[in-house]
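>>> return a 3D structure for these sequence lines:
(one chain, ligands or ions: 3)
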Amino acid sequence: MAISMGKGSVGVLTGVFIASLAVVVAVLLLRTYNLPELKVAWKGKGAPRIELEEDEREQLYEALKAFPRLFNSSLVEYELVGEYSHLFNVQGSDNSLLPYMLIAHLDVVPATPEGWDLPPFSGEEKEGYIYGRGSLDDKNRVIGILQGLEFLFKRGYKPRRSFYIGLGHDEEIGGRHGAKEIVKTLETRNVKLEFLLDEGFEVLDGVIYGTKRPIALIGVTEKGTITLNLTVHSPPGHSSMPPRESRIGILSAALSRLEQNPMPNRFGKGPEGAMFEQLADEFYFPLNIMMANLWLFGPLVSRILQRTPSGNALVRTTTALTIFNAGIKSNVIPQTARATVNFRIHPAETVNEVLKAMNTTIMDDRVIPSSDVPFFDPPSISPHDEETFGYQTVKRSITDVFLVEPVAPGVSIGNTASIYKFRALVIKDEDLSRFHGINERISKEGIETVVQFYFQLIQNSDTDIVPVQSHLEL
Ligand SMILES: CCCCCCCC/C=C\CCCCCCCC(=O)N[C@@H](CC(N)=O)C(=O)O
Ligand SMILES: [Zn+2]
Ligand SMILES: [Zn+2]
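Ligands and ions are numbered 1, 2, ... in the order given. Got it, this is the predicted structure:
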């Protein structure tokens with residue numbers, strides 16, 4: 001293993017202790033595609049650099065006191081990457097073992113207070129739940145990883161296997177400055193990883209329709225993605241003399257066609273079919289029979305799945321209309337109408353196929369597509385056989401902490417572009433709308449379990465033997 005780490009220390013901290021994301025994210029997200037149909041404009045330049053005020057610097061050092069052993073350990077090298085992202089190298093005692101990496105992100109999607117029981121940036125507690133944007137996505141993992149390690153150090157633990165912790169600051173906008181810089185940093189040091197764990201699936205309690213007990217899924221692949229801006233331009237004018245078709249009308253019609261003509265149901269054409277077959281025994285009758293015989297019941301199962309947004313996300317490339325902008329005044333015909341459409345691409349399809357289908361559906365060359373965020377095809381499937389150390393170690397740690405069976409591989413519907421994807425959370429159906437939604441919250445037991453999970457995972461990784469899976473007596 002050839003690793004040479006740069007000297008880092010708390011003293012070099014000059015950034016804000018907010019930030020995020022994953023390492024391999026950038027590798028995938030930075031791919032470009034040669035798409036003749038699409039004008040891709042890489043416009044994002046990132047926010048202007050800020051300088052910290054003195055009181056902010058004080059706050060920053062206060063935050064570091066939350067993990068005193070971690071920041072003062074001679075085993076930990078810390079550095080700031082990409083101005084606001086954080087990279088830790090925890091030195092193990094056995095250099096013959098490949099290191100692994102845990103990644104999480106500190107940035108969050110925006111939130112306004114409307115509809116929240118408690119303000120989204122208050123971190124206030126109500127009836128055993130801590131409310132706040134980021135409590136599920138993804139600050140619990142940041143805290144879980146750092147606190148798990150802090151508690152291990154407190155107990156005098158010295159890891160055998162080295163590992164990295166990467167905390168990105170721009171995951172929700174593609175990870176170009178955080179993850180990309182972390183990747184570059186590790187690549188220049190020729191770091192090779194045994195496994196990489198990021199957010200993704202969880203322990204799903206009643207989320208999958210018809211299941212008898214909670215099921216833990218480890219994401220071993222994910223959907224692809226492309227986000228398109230659709231724009232209609234023409235000269236502005238007085239609203240007293242409107243054109244027969246307005247930019248708003250043209251764009252709305254195009255968007256409506258996209259929504260009314262979803263991409264085809266591809267259930268069973270990707271790895272999700274195998275996931276359901278493997279879980280067949282977990283379903284109540286007659287779904288168990290149907291899941292075990294998808295060759296026969298696949299079309300029926302796919303129609304059942306597509307009735308819910310989460311099930312629908314598994315069976316097809318989804319089309320989400322997320323932003324619409326047009327108009328500046330009530331008596332001015334707008335010059336431009338612009339909307340954003342976010343596609344999540346089923347593993348059996350590609351970016352190019354989605355673009356072709358979109359053009360066919362819109363059939364209007366006044367609607368100009370462009371993209372200014374990274375896009376990528378569905379990635380390959382990470383190894384998850386019985387010999388794969390990383391997968392089996394994550395799996396064993398899930399069983400140890402959650403006492404749950406089964407633990408199965410799955411296709412993540414969101415994007416992390418990591419090797420394995422798992423959040424140490426128990427999610428119920430009603431929680432799905434909290435992700436990027438209102439009343440995002442985590443229970444106090446929930447955050448404790450997250451810490452326990454990383455406490456367990458770090459210790460379980462300290463061997464070169466693929467763990468034997470424990471079978472629970474349930
Ligand atoms: C039968 C249906 C089973 C499906 C169960 C779905 C359970 C999913 C639970 C939570 C959904 C949250 C989505 C996971 C997202 C992972 C990370 C994320 O948010 N990434 C961003 C990053 C980005 N900007 O690309 C994303 O937008 O995907
Ligand atoms: Zn996230
Ligand atoms: Zn998110």
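>>> state the number of residues packed around whichever residue of the stretch 101-250 of the chain sits closest to ligand 1.
Taking C-beta to the nearest ligand atom, ligand 1 has its nearest neighbour within the stretch 101-250 of the chain at residue 208, 4.3 Å off. Bear in mind the C-beta positions are built from the backbone N, C-alpha and C, glycine included. When neighbours are counted by other C-beta atoms under 10 Å, residue 208 registers 23.
>>> I'd say it and residue 214 touch.
No - at 9.8 Å, residue 208 and residue 214 do not qualify as touching, with contact defined as C-beta atoms under 8 Å.
>>> re earlier: am I right that the residue of the stretch 101-250 of the chain closest to ligand 1 is in a helix?
No - using DSSP: H, G, I helix; E, B strand; the rest coil, the assignment for residue 208 is coil, not a helix.
>>> now it: closest residue in space that isn't a chain neighbour?
In space, and not counting its chain neighbours, residue 208 is closest to residue 215: 6.4 Å by C-beta to C-beta, 6 or more residues apart in numbering.
>>> separation between whatever residue of the stretch 251-400 of the chain ends up closest to ligand 2 and residue 305?
Ligand 2 sits closest to residue 344 of the stretch 251-400 of the chain, with a gap of 14.3 Å, by C-beta to the ion. Counting by C-beta to C-beta, to the nearest Å, the gap from residue 344 to residue 305 is 15 Å.
>>> do residue 160 as well
Distance of residue 160 to residue 305, computed by C-beta to C-beta: 43 Å.
>>> same question for residue 415.
The gap separating residue 415 from residue 305 is 20 Å, by C-beta to C-beta.
>>> who has more neighbours, the two?
Between residue 415 and residue 305, counting by other C-beta under 10 Å, residue 415 is the more crowded of the two (25 against 21).
>>> am I right that that one is in contact with residue 226?
No - assessed by C-beta under 8 Å, residue 415 is found out of contact with residue 226, at 10.9 Å.
>>> who in this structure is up against ligand 1?
Listed as neighbours of ligand 1 in the chain under the rule C-beta under 6 Å from any ligand atom: 137, 171-172, 174, 199-200, 202, 204, 207-208, 305, 310-311, 314, 413-416, 427, 432, 435.
>>> would residue 355 count as being in a helix?
Yes - counting by three-state DSSP, residue 355 is located in a helix.
>>> was I right about it contacting residue 263?
No - no contact is recorded between residue 355 and residue 263 when judged using C-beta under 8 Å, the distance being 11.4 Å.
>>> can you show me the helices along the stretch 151-300 of the chain?
Assigned by DSSP state H, counting those that start in this stretch, the helices in the stretch 151-300 of the chain fall at 179-188, 247-260, 272-278, 287-292, 294-305.
>>> ranking the ones you listed by mean pLDDT, which is last?
Mean pLDDT per stretch puts helix 272-278 lowest among those, at a mean of 91.
>>> so what secondary structure elements neighbour that one?
helix 287-292, helix 294-305, strand 407-412 (3 or more C-beta pairs under 8 Å, 6 or more residues apart in numbering; DSSP states H and E).
>>> contacting residues around the next helix or strand after the longest one?
On the C-terminal side of helix 294-305, the nearest following helix or strand under DSSP states H and E is helix 309-315. Counting by C-beta atoms under 8 Å, 6 or more residues apart in numbering, helix 309-315 makes contact with 207-209, 223, 265-267, 272, 302, 304-306, 318, 344, 346, 411, 413, 432, all of which sit outside it.
>>> drop anything exposed from those.
207-208, 223, 265-267, 272, 302, 304-306, 318, 344, 346, 411, 413 (16 or more other C-beta atoms under 10 Å).
>>> residue 397 sits in which helix or strand?
Assigned by DSSP H and E, residue 397 falls within helix 389-402.
>>> what helices or strands is that helix leaning on?
Packed next to helix 389-402, using 3+ C-beta pairs under 8 Å, 6+ apart, are strand 196-205, strand 215-222, strand 407-412, strand 420-428, helix 444-460.
>>> chain center to the fourth one: distance?
Taking C-alpha atoms, centre = their mean, to the nearest Å, one finds strand 420-428 lying 11 Å from the centre of the chain it belongs to.
>>> what stretches of the stretch 201-350 of the chain score poorly on pLDDT?
Within the stretch 201-350 of the chain, the set of residues satisfying pLDDT under 70 is empty.
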